[in-house]
Each structure stands twice: as C-alpha cells, then as structure tokens.
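A.B. asks: mind folding the following:
(2 chains)
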Amino acid sequence: MSKITARLENRADFKKYCKSCDKVLDIKKHSKNAPIGKYIISVCSSSGCKASNSDGIYEELVKEVKAHNLEKKVEVSITGCFGFCEKGPIVKIFPDDTFYIKVKPENAKDIIEQHIIQGKKVEKLLYINPATGKIITKQENLPFYKKQKRIALRNCGLINPECLDEYIANKGYRALEKVLFSYTQDEILDKLKESGLKGRGGGGFPTYLKWTFAKNNKSDKKYTICNADEGDPGAFMDRSIMEGDPYSIVEAMTIAGHTIESDAGVIYVRAEYPLAVDRLNKAIYNARKMGLLGKNILGSGFDFDINIKYGAGAFVCGEETALINSVEGNRGEPKGKPPYPALHGLFNKPTIVNNVETFANIPYILNDNQTTFSNIGTEKSKGTKVFALAGKINNVGLVEVPLGTTLREIIYDIGGGIKNGKKFKAAQTGGPSGGCIPASLIDVPMDYNNLTEIGSMMGSGGLIVMDEDNCMVNIAKFYLGFTVDESCGKCTPCRIGNKRLLEILTRITEGEGKMEDLDKLENLSNVIKDTALCGLGQSSPNPVLSTLKYFREEYEEHIINHLCPAKECRALARYVIDQSVCIGCGNCARKCPVEAIFKTDKPAKNPKLRVFEIDAHKCIRCGACATNCPVKAISL
Amino acid sequence: MTGKMSEEEQPKYAELDEFIKSVNRDEHELIAVLHKAQGIFGYLPEKVQRYIATELNIPVVKVYGVVTFYSFFKMERQGKYVINVCLGTACFVRGSEKILDKFEDMLEIKAGQTTEDGIYTLQTLRCVGACGLAPVVQVNGKTYGNCTMDTVKLILDECKAEEENHE
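C.D. replies: Next comes the predicted model:
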C-alpha cells in the first residue's frame, strides 16, 4: 500500500503518489517485479455474490490464513463483480489467475491448505467446460470471457473497489490529471467526439454534444448529474460498476465538471442499492481527503464536489427531466423538451445528465485511448457495451462486448446457450422500452441503429433470453403491466393508452380476445408512440408492437383456438391425459363433475382396457381428474 | 404540530428533527427527509407527513403528493417480516409469478397487503440485481435465490420458527 496519505496539493504530489502506488497491482498484473511466493485471494463482493454469502467466504479465508500463520504470504481481499454471476460466488487467486466458482465458506480450508500450502488446485471448485468436459483453471480461458472486451468493467474483478491506491495503480486519475493540466476544454470535447462515445443509458445521444451544449450555455452555476437510477428490471451493470469501480464514476464526473465549468455533481441512485451507495460514499470521502475532489483539486484552482441523492422507486425517474424534478424534491414527473437540461436543468441551471456506464468509459477514453475506442465497434456505434444477460440462459451475468457483436455470439459463445437444452425463442433488449428479437434475427449485429431498425432498442443493456416455454403475449402483458404501474400519469396517452393496451392483452391471455383486438393494439400503440410526453411513454408500446410483428401467430392462437402454445397463460391451460401413461382405470371420468372425459377405443397398457381423453370444450379446469389419477397421467 | 405525541414517539420525532435541521429545512431535501422518517417510524402515517410539512414549511399536499408518487414510501404499517418477491424480468421469465401465487395462497393475502396479525407483509419489487439467482425472494433484506415452491415453505417455516423463539 502507498505510504502517502496526506492531501495532494499539486501535480508533483500527484505524480509522487502515483509512483508510490506503482507496485500495488504487481501480483495481480503478473509484473516481473512481483514478489515471489506471495498470493492475493480476491473474493467477489458485489450484491449478487454477497446474496450467496461471499462475506462468509471472506471471513473463513481470513480465519484460515491466520490459523496457518500465512499473513505475510497471503492477502485476502475483496473485488467487484466478475460478471459470471451464474457461477457465483467467485474467488480468484493471483498471481496464477485460478478461477474458483460456486465457492462456499467451508471451502476456505481447501483453498488455503490445498492451493496455497500444497500448491494443488482445488479441482471441485474449478469450471468444467460443458462442451468438452475439460477443466479450465484460468479466468481468461473460460469461454464466457473469450469474446468479451472489458473497458467499462476494466476494474471490476481486478481491483479492491474500496482502495484508491489500487484504482490509481490501474491508471486511475491519469485522465483527470491530463484534463486539469494539459488539455483545453475544446481538446477534451474533440477527444470525446473522436471516440464516438454515445450515451449508454438508453437514448444513445453523443456524449460530446451534450457536454458541448452545456459548456456553451453561460451561467453562474452548472450541474453534473450521474444517472444511477437503474430501473430497467433485469439490468444490473450500473450497480456492478458502482460497486466494483466507484472511483471511475467520481473521476469521470470531475472531468465532466471541469469541461462544462460546473462545480457541483449529483449522483442520483436507487435506494435499493445500499452497497453501491456505501462504496460511492467511501470513494467520495477518500477522493476528498486526497485532494482529488473538493476545493482546488490538485492545486489546479478547479472546485468540484459530489452529493448523493436517493431515488425512491420510480422507473420514470430514469428520464432526465423527471430525474431532475426528483432531485429537487418533487414528484418525478417529466417535462416537455425543449428546453433541454443543457440549458434549463437542475434548479433551472445548465445541467448534464449521463449514465453510470457512460461515465465509466470516460477516464479510459481521455487517457489517450480515444482512437483505440473508436476502432472498436461498428461504423455508427463505437466502443463496447455491457449487457446484463439473464433469463433462460446458462451463463447469467454481465458481459461487455464490442458493439456489433451478434446475438448468437452473446447467447451461444458467451452465454453457453439456453438452459436445459431448450430452444431459443426470443431475446428482449432495452427492457420495458425495448422489443423482442426473434430467433430469425439472431445474426443481426447488435448496435444502436440495427436494434432500432428491428423494432427494439439498446436501452441500458438488459438482455433477457426466452425459450419455447415463454408465451410472447404474456411477456408483452408483463411489460405493459410494468409500464402501467410506473406511468407517472402526467400525459393522457401513457396514463390511459397503456392501460387500455394492458386490458386488451389481459383479455387475450384469458381467451376472451377477438381478432379485431390485434388491429386495436397496433393502432393504439402507434398513437401512444407519437403523442406521449416522455421517453417512457413513447417507447412503452415497443414490446407489444415487436411481439405482434414477430409472433402474430401466437396472438392468433390465443384468440382463435383459445390456446397458449407455451402453456404459460393459466386461463388457457388445458388438462391433457398422457395416453402413454394412462392405465384406463376410468377414475378421472367418474370424478369429472361435467362429464368432459370419455373413453376412446385406443387400448391402454392392459389391452382389455381403453385409454381416456378430455373434451377441452366441456372441461372447466377444476383439476379433479388430475388429483384422482393414480398414475399421474393428467397434467396441464 | 398536529396530533399528540406519545411518550414513545418523542425520541423518534427528536431524531427526525435533528435530521431536518441538518439539511437546513431545505424543501428540496423532502425526499431525503422522507427516507429518514420512514427509517425511523417504519412507515409514513398522515401524522408524520403533516409534521414534515410543518417543519419544512410546505403544504401537506406537496408531501402527500411525493409520498404517493414513489413506491418506496409506505403509508401503512409494515409486517414484522416483509417478504419481497422479485418480479423483474429475469425472475419473471424464470417463474417468479408462480412463487408470488404460492405466497398469496399460503398467507391468504394479496401482494401489497399485511396479514391481520401484523406478522407478514407481502410485496413485489422490480429487480434486486441478483439475476443470476433468479427467481429471487428477499425477506427483511435477506436474499433467497433459485426459489421453488419448496423455498416458499422453507421461508415461512423459518419465520415461524423465529417467531416461536421470541415468544
């Protein structure tokens, strides 16, 4: 650890501090100068792994190290999200990069005694490649990581998120140093422009433009806001970045403040993310203590400080004008644009609002990587994007890939395919604002333009995978239910229109739909898209329109045949007798209160008896037959 | 100040007062004050809302408007065990709706309600970010992953056992 703990008064102090942190990551980065025979054991301490008791693993490891008098040889440390949440809790051993999965506290003994003392890997904790059956020991060799390119997540799983020294050792705060002492504001904006960075929160607006507008609007006060109100259910990259690399957000906001001439920063974060708030608070405290935040940063004369504001559970507050209302202590209702926040934002002052992932990219880009960044991705979408891969997929987790990577690569190469060998049906990107991408479009390169073209959107990067057991009408209904819950009620199209959409969808899933409902859905959706006030309303019909476009036959099946092909809609569920199991006892027919069960002429196992069948039109779905079947041949 | 303060409530109001002073009675801090108040009282009954309105010198309707806008703020007393079933998309596609149904059946209440004895509150939430463990249920902040019908039983049995231990 660095011996420098006093406030850094100027650039020379900062350089000294950086030098003193030089060796901090030697073991983790396999430097030639790394001390031989020393180990670092990194335990994932993000919310996902903590939910599976990674704290207990940490404590046991510390105990074991002490019990074996290994304190000088072994350091137990925490780190941010590795991304491979499916296999969590994860423990990584440096310098050999051994990647242990699904670790339990009781495994701490094995790790210390076998791995550290005897030098033998603990085989039962290693990943087995399901394709080859072979054991993989190193993180970099896991198929999950092979196609990834980690920029926004560069520090997650590497550094201790609570340790400024480690952040500095991985090139942290070098971008701020350059911004403060070497670049003019226009140069910073040029570099951002060259990188091609677009907003990662949903809209995809070029970041340099947003900053340019705010910089050009003169005012005595300007605000820099970090939008950490990650409301898209199923997306958790912002949370992971805040938990795993909080200093990158603090540094990036300071850079933004300097560029647009703002001295006040606000992080608006979900109240449901206590750990992220805790890590951010620690980062802000340490940055202030070291003179990297607050008055006269590094002696440059630039003042900037950051406040944390809590959200209170409202999805619409992810929309920037609604967010600003909420920061002001009001109901989080959006305002019409223009004027944009860059002119009239928080307390009517020029304001920029950027998303967490956008900010996380900025220190990397401004550390002379703008060209490298723009060389990644497609012609119009540069850099990488973090996706939260979830749903019916083998490897649930956070993945960061170059923009333009296909869905197939993400689902099969990285995600390890669909759970339980089922068939891939669709993927939803962009959460409640996005659309469903059908299996037929699995080879479309995922970038901003392509996703919009096929009726979805990038959104914040939630990527929910669905298999043949998911009913697409029910999914559309689920998202509309969400939108209706979360609509702020200010504009009529969203407040009433979405409610009508939900009613129609509910009708269809209950077998009461009519064919003309499909036209109604489409017309109403288009009206809402054209007339709603904010991004939430304008994009809320996307799940309906995209499922109608790609899965119309599934809607028709619900309406015409009163059948849910995925068997998910309970009202349309039918009891069926599995005739290969039926023994022909006739118990079901006797118990059926409406005489819906009849004997067929097909022989049962005992050839003297005949198997039974249910008349779906008479069936009232009481379940009496299933309960009374002695061989469990009847199910929904 | 409206309504009488009971002896038991006095230290609670004192704590709230201190916080309101620390933010200089700034009305823009209303949401932070409400977070604090809910932390102290467990929920935000009308009396507390009126108190905050007076102290911040803003209309009660403003406070009420904000409280009812955000799903995090509760106006009813919560049960001793607050069961949150995640209905985020990742959990939903892995069947969390059925988990919720099971809780509703077993507790004989609907989501958003509290049992008559004040022991259980059943709620839904949208994504705790533990999508790798979907479907997820949280009970008083403790997370249960990969939930099945058996987990529902297990959770309620655990709560019951804890209840009996206390008695």
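
A.B. asks: contacting residues around A:Asp245?
C.D. replies: The contact partners of A:Asp245, taken as CB atoms under 8 Å, 6 or more residues apart in numbering or on different chains, are A:80, A:153-156, A:159, A:161, A:167, A:360. Where C-beta positions appear, they are placed from N, C-alpha and C, glycine not excepted.

A.B. asks: same thing but 6 Å
C.D. replies: Shown in contact with A:Asp245 (CB atoms under 6 Å, 6 or more residues apart in numbering or on different chains): A:80, A:155-156.

A.B. asks: now A:Glu194
C.D. replies: Applying CB under 6 Å, 6+ apart, we find A:Glu194 in contact with A:Gln370.

A.B. asks: let's go with 8 Å and repeat that
C.D. replies: With CB under 8 Å, 6+ apart, A:Glu194 has these contacts: A:370-371, A:374.

A.B. asks: please apply the same query to B:Glu158.
C.D. replies: So B:Glu158 contacts B:Val139 (CB under 8 Å, 6+ apart).

A.B. asks: same question, A:Ala34
C.D. replies: By CB under 8 Å, 6+ apart, the residues touching A:Ala34 are A:26-27, A:95.

A.B. asks: and the pLDDT at the residue lying farthest from the centre of chain B?
C.D. replies: Residue farthest from the centre of chain B, counting by CA atoms, centre = their mean, is B:Asn24 at 27.0 Å. Note on B:Asn24: pLDDT of 96.

A.B. asks: name the SS class of it, please.
C.D. replies: Following DSSP: H, G, I helix; E, B strand; the rest coil, B:Asn24 is assigned to coil.

A.B. asks: what about the strands in chain B?
C.D. replies: Applying DSSP state E to chain B gives strands spanning B:81-86, B:120-125, B:137-139, B:142-144.

A.B. asks: still on that earlier bit, turn the contacts of A:Ala34 into JSON lines, including neighbour count and secondary structure.
C.D. replies: Shown next, in JSON lines, are the contacts of A:Ala34 (neighbours: other CB atoms under 10 Å in any protein chain shown; DSSP: H, G, I helix; E, B strand; the rest coil):
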{"residue": "A:Asp26", "neighbour count": "18", "secondary structure": "coil"}
{"residue": "A:Ile27", "neighbour count": "18", "secondary structure": "coil"}
{"residue": "A:Pro95", "neighbour count": "18", "secondary structure": "coil"}
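
A.B. asks: what residues does the stretch 201-350 of chain A have near chain B?
C.D. replies: Applying CB under 8 Å from any CB of the partner chain, we find that the stretch 201-350 of chain A lies next to chain B at A:230-236, A:239-240, A:271-273, A:309-315, A:326-333.

A.B. asks: of the contacts of A:Ala34, closest to chain B?
C.D. replies: A:Pro95 (27.2 Å; CB to the nearest CB).

A.B. asks: where's the closest one relative to A:Asn523, distance?
C.D. replies: Between A:Pro95 and A:Asn523 the distance is 63 Å, computed by CB to CB, to the nearest Å.

A.B. asks: do A:Glu320 as well
C.D. replies: Remark: distance between A:Glu320 and A:Asn523 (CB to CB) = 30 Å.

A.B. asks: so for the two, which sits in the more crowded spot?
C.D. replies: A:Glu320 (31 against 10; other CB atoms under 10 Å in any protein chain shown).

A.B. asks: surely that one touches A:Cys226?
C.D. replies: No. Between A:Glu320 and A:Cys226 there is no contact under CB atoms under 8 Å: 11.5 Å.

A.B. asks: shared neighbours, the two?
C.D. replies: By CB under 8 Å, 6+ apart, A:Glu320 and A:Cys226 have these common neighbours: A:Val353.

A.B. asks: count of neighbours near A:Asn628?
C.D. replies: 14.

A.B. asks: revised request: answer the last question for A:Thr509.
C.D. replies: 22.

A.B. asks: and the one 10 residues further on, by the same measure?
C.D. replies: Using other CB under 10 Å, A:Asp519 has 11 neighbouring residues.

A.B. asks: run through the neighbouring helices and strands of the host helix or strand of it.
C.D. replies: Using DSSP states H and E, A:Asp519 sits in helix A:516-531. When contacts are defined as 3 or more CB pairs under 8 Å, 6 or more residues apart in numbering or on different chains; DSSP states H and E, helix A:516-531 packs onto helix A:498-509, helix A:535-539, helix A:542-550, helix A:552-560.

A.B. asks: now those helices in TSV, with mean pLDDT?
C.D. replies: Listed next are the helices and strands packed on helix A:516-531 as TSV, based on pLDDT from 0 to 100:
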stretch	mean pLDDT
helix A:498-509	96
helix A:535-539	92
helix A:542-550	96
helix A:552-560	95
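
A.B. asks: out of those, which is closest to chain B?
C.D. replies: It's helix A:542-550; of the helices and strands packed on helix A:516-531, that one is closest to chain B (CB to the nearest CB) at 10.3 Å.

A.B. asks: check contacts around B:Phe41.
C.D. replies: Contacts for B:Phe41 (CB under 8 Å, 6+ apart) come out as B:12, B:48.

A.B. asks: what does chain B have sitting close to chain A?
C.D. replies: Where proximity means CB under 8 Å from any CB, the interface of chain B facing chain A comprises B:27-32, B:34-35, B:65-66, B:69-73, B:87-90, B:92-94, B:125-134, B:136, B:143, B:145.

A.B. asks: rerun that using 7 Å as the cut-off
C.D. replies: Within chain B, the positions near chain A by CB under 7 Å from any CB of the partner chain are B:27-32, B:35, B:65-66, B:69-73, B:88-90, B:92-93, B:126-134, B:143, B:145.

A.B. asks: just the closest of the contacts of A:Asp245 to A:Ala256, please.
C.D. replies: Closest to A:Ala256 out of these is A:Asn155 (18.8 Å), distances taken as CB to CB.

A.B. asks: nearest residue to the closest one in space, ignoring adjacent ones along the chain?
C.D. replies: Distance criterion CB to CB, 6 or more residues apart in numbering or on different chains; nearest residue to A:Asn155, sequence neighbours excluded, is A:Asp245 at 4.0 Å.

A.B. asks: can you give me the pLDDT of that neighbour?
C.D. replies: On the pLDDT scale, A:Asp245 gets 97.

A.B. asks: derive a ChimeraX selection command for the buried subset of the contacts of A:Glu194.
C.D. replies: If you want just the buried ones from those in ChimeraX, going by 16 or more other CB atoms under 10 Å in any protein chain shown, the selection is:
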select /A:370,374
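
A.B. asks: for residue 104, which non-adjacent residue is spatially closest?
C.D. replies: Chain wasn't specified; assuming chain A. Spatial nearest neighbour of A:Lys104, chain neighbours left out: A:Ile57 (7.1 Å); criterion: CB to CB, 6+ apart.

A.B. asks: let me rephrase: I mean chain B.
C.D. replies: Once flanking residues are discounted, B:Glu104 sits nearest to B:Lys110: 5.9 Å by CB to CB, 6+ apart.
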